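S.K.: give the three-dimensional model of this entry:
(2 chains)
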Number of protein chains: 2
Amino acid sequence: MPPPLDLAGDVVDLLRALIDLESVSGNEAAIADQIESALRPYGHLEVIRDGNVVVARTQAGRAERVVIAGHIDTVPIAGNVPSWVSGGGEETIVWGRGACDMKGGVAVQLSVAAAVTEPTRDVTWIFYDNEEVEESRNGLARIAREQPDYLAGSFAVLCEPSNAGIEGGCQGTMRAEVELTGVAAHSARSWKGHNAIHDAAVVLGLLADYEPAQVEVDGLTYREGLNAVKITGGIAGNVIPDRCTIEVNYRFAPNKDAAQAEAHVREVLAGFTVTVTDVAVGARPGLDQPAAAEFLAAVGGEPAAKFGWTDVARFSAMGVPAVNFGPGDPMKAHADDEFCPAADVYSCREALLRWLGPAN
Amino acid sequence: MPPPLDLAGDVVDLLRALIDLESVSGNEAAIADQIESALRPYGHLEVIRDGNVVVARTQAGRAERVVIAGHIDTVPIAGNVPSWVSGGGEETIVWGRGACDMKGGVAVQLSVAAAVTEPTRDVTWIFYDNEEVEESRNGLARIAREQPDYLAGSFAVLCEPSNAGIEGGCQGTMRAEVELTGVAAHSARSWKGHNAIHDAAVVLGLLADYEPAQVEVDGLTYREGLNAVKITGGIAGNVIPDRCTIEVNYRFAPNKDAAQAEAHVREVLAGFTVTVTDVAVGARPGLDQPAAAEFLAAVGGEPAAKFGWTDVARFSAMGVPAVNFGPGDPMKAHADDEFCPAADVYSCREALLRWLGPAN
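M.R.: Next up is the predicted model:
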């Protein structure tokens, strides 16, 4: 058994302890047990265990409730557990799987949850599983279906890495397949066939020439993108290919719904056989909501648009404005040399304390 | 044990018996045993067994020697063994794996080898293994390396399917890879990367617009072709791909050597990273050689250019002019519904008898 998590100690030590608890998606039971055990002693928190999701909420009778969520799973280990540190003092860097995505955020959540015994607004802390895998396993999605009341609130913060700044909303993402068909033939008699891979020239030309829009939504600018992310075609070295498939990924601003996004992709690729295989709409940043104002003031700095799709969209879909706010550079998420600056962890903790009320 | 092959009986019955002896590449021992045993009783033939290659040659002291070769392996079975027949009389069709490629030709070889005890020209009959697999296993290539004297002659006939007509020489074939490199990035921030799949638009456009030459060589017209036969690119649905590979197949007329073929591909795809992965030069038809004249007269009809690469090129490389001549439609080679018209088998047998001397 690893030692219990010490929520009252240094938050960077807590981050390292969390990294050292391996929790690749599907294997979150041990870390969920530890989180649950560490939170239970705090009398100001109602702790609920639901599968490998842990919910801890204050019931201080405040007029407002906010939700602060983070996932406890990571992508697979790549020789980067246990954690290690480099530098020192204000330059300390914590390295290891999950340092950035997103055990830095989870450490901040746990530390603040323990510290703020008398919050200025009621808080629901959510620690969930299976964020790094397919949608159908996502712990937050499951809670949204089965226990939507756990997610109720006037504003939500998702502690995904954002360089300790606010990244509002998120873009939507759509995947579609463009299917090109030809006529197979022996490549020694190519004129008897029709080469489906050659036909891809036109589709890829349209994508290469595509000029993505920059769309302002609620004061933040979202930069779109339409890209081929996969191409496959060909059967054998002596056969004119009768099939070529191009997978396209459209990242779209959160002012578009799924139908509008699909219409746009079909317009760009007019004349080709397009099948939408996957779509997740984005989330408006919601920074114009009253609930967000005090959070912005507590954090300071200029909010930016979030480009990657995150679970903030689940809150948005439930009518709860949500932002990303957490330590670490999102560009290092999933990298083998994933890391998190200790300074980010401290500054995120301080910001949440300013927003939620003084530490006990 | 299957019944012994009856070389003195009906040649179409012999074809069916050969089909029923499964001989997918690598598994030719049983059929080679049967061929060897069936040929041994014929005193006019010197029979040599070398691995799964069987050589049978007359030693009648004629001024001229010709080589007549065929492979005894097939591509994998596809529910098409044992053989069956449809139609009847002159419309009889024999169905089954190898019917076309090329047990029809092997049946003709065996039947004529047994029948012509006093040939007008000496004949070396070759039955070889592993034609349908990689070059390094090819039985004829091995004999060319280890026992080149077995292949000596003034003219060679390869009994590959040619609709019972003469198909002269063969085209060369070259495979090359075009490698496109970009810069990976998260697809939500596509402007931070460079999409290698999009760059394929230019390469595929060049190939789609390419106008292949028609080249006359020794009186036959070869139609070339330059085609993408495979394309792969992309890592994941949310990553801008940093790599895309296009495999190209160039089929070129037999007046070009490997260096000329490579220079042409590099000229068409100038500016791109091209790596030649495989090349096999073609074979000139050689129908202007004196040795070919009597064969042409015996077969009759108009010779045509052979488009697919065949082992005639091995004879050509050794300075022996060679043609393809065998029963069955080459377009049905490797097809699950592979078949051979009985009429083709009979007419090929008759043509060889006219050329080599009367049956005993």
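
S.K.: only C-alpha atoms from now on, for both contacts and neighbour counts.
M.R.: Fine.

S.K.: quick one: the strands in the stretch 101-250 of chain A, in order.
M.R.: Using DSSP state E, counting those that start in this stretch, the strands of the stretch 101-250 of chain A run over A:122-128, A:155-158, A:166-168, A:172-181, A:185-186, A:214-217, A:220-223, A:225-233, A:239-240, A:243-252.

S.K.: so which of those strands is nearest chain B?
M.R.: strand A:225-233 (4.1 Å; Cα to the nearest Cα).

S.K.: between the closest one and strand B:225-233, how big is the angle?
M.R.: 120 degrees (axes from the mean of the first three to the mean of the last three Cα atoms, to 10 degrees).

S.K.: so which elements touch strand A:225-233?
M.R.: If contacts are counted by 3 or more Cα pairs under 8 Å, 6 or more residues apart in numbering or on different chains; DSSP states H and E, strand A:225-233 sits against helix A:196-209, strand A:243-252, helix B:196-209, strand B:225-233, strand B:239-240.

S.K.: looking at the ones you listed, which is buried most?
M.R.: strand B:239-240 (a mean of 27; mean count of other Cα atoms under 10 Å in any protein chain shown).

S.K.: thinking again about what came up before, got TSV for the helices and strands packed on strand A:225-233, with distance to A:T120 and mean pLDDT too?
M.R.: Compiled in TSV, the helices and strands packed on strand A:225-233 are given as follows (distance: least, Cα to Cα, whole Å; pLDDT from 0 to 100):
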stretch	distance to A:T120	mean pLDDT
helix A:196-209	50	98
strand A:243-252	36	97
helix B:196-209	52	98
strand B:225-233	53	97
strand B:239-240	42	90
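
S.K.: got those as a markdown table, with distance to A:D337 columns?
M.R.: Listed next are the helices and strands packed on strand A:225-233 as a markdown table, based on distance: least, Cα to Cα, whole Å:
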| stretch | distance to A:D337 |
| --- | --- |
| helix A:196-209 | 31 |
| strand A:243-252 | 26 |
| helix B:196-209 | 25 |
| strand B:225-233 | 25 |
| strand B:239-240 | 18 |
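
S.K.: quick check, pLDDT for A:N360.
M.R.: For A:N360, the pLDDT comes out at 60.

S.K.: go ahead and confirm A:K306 touches A:G168.
M.R.: Yes: A:K306 is within contact range of A:G168, at 5.6 Å (criterion: Cα atoms under 8 Å).

S.K.: so what's in contact with those two at the same time?
M.R.: A:N324 (Cα atoms under 8 Å, 6 or more residues apart in numbering or on different chains).

S.K.: count residues in the vicinity of A:A152, would you?
M.R.: When neighbours are defined as other Cα atoms under 10 Å in any protein chain shown, A:A152 has 18 of them.

S.K.: ok, so what distance separates it from A:P119?
M.R.: A:A152 sits 17 Å away from A:P119, going by Cα to Cα, to the nearest Å.

S.K.: let me see the contact set for A:K306.
M.R.: A:167-171, A:222, A:324.

S.K.: for it, grab phi and psi.
M.R.: Backbone geometry at A:K306, expressed as degrees, to the nearest 10, gives phi -90, psi 130.

S.K.: list the contacts for the closest residue to A:A236 other than its chain neighbours?
M.R.: In space, and not counting its chain neighbours, A:A236 is closest to B:V229: 6.8 Å by Cα to Cα, 6 or more residues apart in numbering or on different chains. By Cα under 8 Å, 6+ apart, B:V229 lies in contact with A:197, A:233-241, B:246-249.

S.K.: repeat the analysis, applying 10 Å as the threshold.
M.R.: A:187, A:195-198, A:233-242, B:175, B:246-250 (Cα atoms under 10 Å, 6 or more residues apart in numbering or on different chains).

S.K.: cool, A:R137 as well?
M.R.: So A:R137 contacts A:25-26, A:129-131 (Cα under 10 Å, 6+ apart).

S.K.: now stretch A:97-109: average pLDDT?
M.R.: For stretch A:97-109, the per-residue pLDDT averages 97.

S.K.: can you give me how far that stretch is from the chain middle?
M.R.: Distance of stretch A:97-109 from its chain centroid, counting by Cα atoms, centre = their mean, to the nearest Å, is 12 Å.

S.K.: can I get that stretch in CSV, CA atoms only?
M.R.: Provided in CSV are the C-alpha atoms of stretch A:97-109 (Å, rounded to 0.1, in the frame of the first residue of the first chain):
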residue,chain,number,x,y,z
ARG,A,97,3.1,10.9,-16.6
GLY,A,98,0.1,13.0,-15.7
ALA,A,99,2.3,15.9,-14.4
CYS,A,100,0.6,18.1,-17.0
ASP,A,101,-2.5,16.1,-18.0
MET,A,102,-3.8,16.5,-15.4
LYS,A,103,-2.6,15.5,-11.9
GLY,A,104,-1.3,19.0,-11.4
GLY,A,105,-4.9,20.1,-11.6
VAL,A,106,-6.1,17.3,-9.4
ALA,A,107,-3.5,18.2,-6.7
VAL,A,108,-4.8,21.8,-6.7
GLN,A,109,-8.4,20.5,-6.4
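
S.K.: could you list the low-confidence segments of the stretch 201-350 of chain A?
M.R.: The model of the stretch 201-350 of chain A has pLDDT under 70 over residues A:291.

S.K.: contact residues of the stretch 51-200 of chain A facing chain B?
M.R.: For the stretch 51-200 of chain A, the residues in contact with chain B (Cα under 10 Å from any Cα of the partner chain) are A:170-175, A:185-191, A:195-200.

S.K.: quick one, which of the contacts of A:R137 are buried?
M.R.: Neighbour-count burial within the contacts of A:R137 applies to A:25, A:129-131; the criterion is 16 or more other Cα atoms under 10 Å in any protein chain shown.

S.K.: from A:N238, how far out is the spatially most distant residue from the centre of chain A?
M.R.: Using Cα atoms, centre = their mean, the residue of chain A lying farthest from its centre is A:R189. It sits 50.6 Å away. To A:N238, A:R189 is 10 Å away according to Cα to Cα.

S.K.: shared neighbours of the two, which are they?
M.R.: Contacts common to A:R189 and A:N238, judged by Cα under 10 Å, 6+ apart, are B:251, B:308.

S.K.: from chain B, how far out is A:E118?
M.R.: Distance of A:E118 to chain B, computed by Cα to the nearest Cα, to the nearest Å: 39 Å.

S.K.: is it true that that residue touches A:A60?
M.R.: Yes: A:E118 is in contact with A:A60 according to Cα atoms under 10 Å; the separation is 7.3 Å.

S.K.: which residues do those two both contact?
M.R.: A:H44.

S.K.: verify the stated contact: A:Y150 with A:I143.
M.R.: Yes: counting by Cα under 10 Å, A:I143 is a contact partner of A:Y150 at 7.4 Å.

S.K.: quickly list what's touching both of the two.
M.R.: A:I126.

S.K.: B:V85 is nearest to which of the helices and strands packed on strand A:225-233?
M.R.: strand A:243-252 (33.9 Å; Cα to Cα).

S.K.: tell me the helix or strand right after the closest one.
M.R.: Following strand A:243-252 in sequence order, the next helix or strand is helix A:258-268 (DSSP states H and E).

S.K.: who touches the next helix or strand after that following helix?
M.R.: Downstream of helix A:258-268, the first helix or strand assigned by DSSP H and E is strand A:273-280. By Cα under 10 Å, 6+ apart, the residues outside strand A:273-280 that reach it are A:135, A:171-181, A:246-252, A:257-259, A:261-262, A:265-266, A:309-310, A:313-314.

S.K.: one more time with 7 Å, if that's ok
M.R.: A:172-179, A:258, A:266 (Cα atoms under 7 Å, 6 or more residues apart in numbering or on different chains).

S.K.: and the stretch 201-350 of chain A, which residues reach chain B?
M.R.: A:201-202, A:204-205, A:207-208, A:225, A:228-237, A:239-241, A:249, A:251, A:307-308 (Cα under 7 Å from any Cα of the partner chain).
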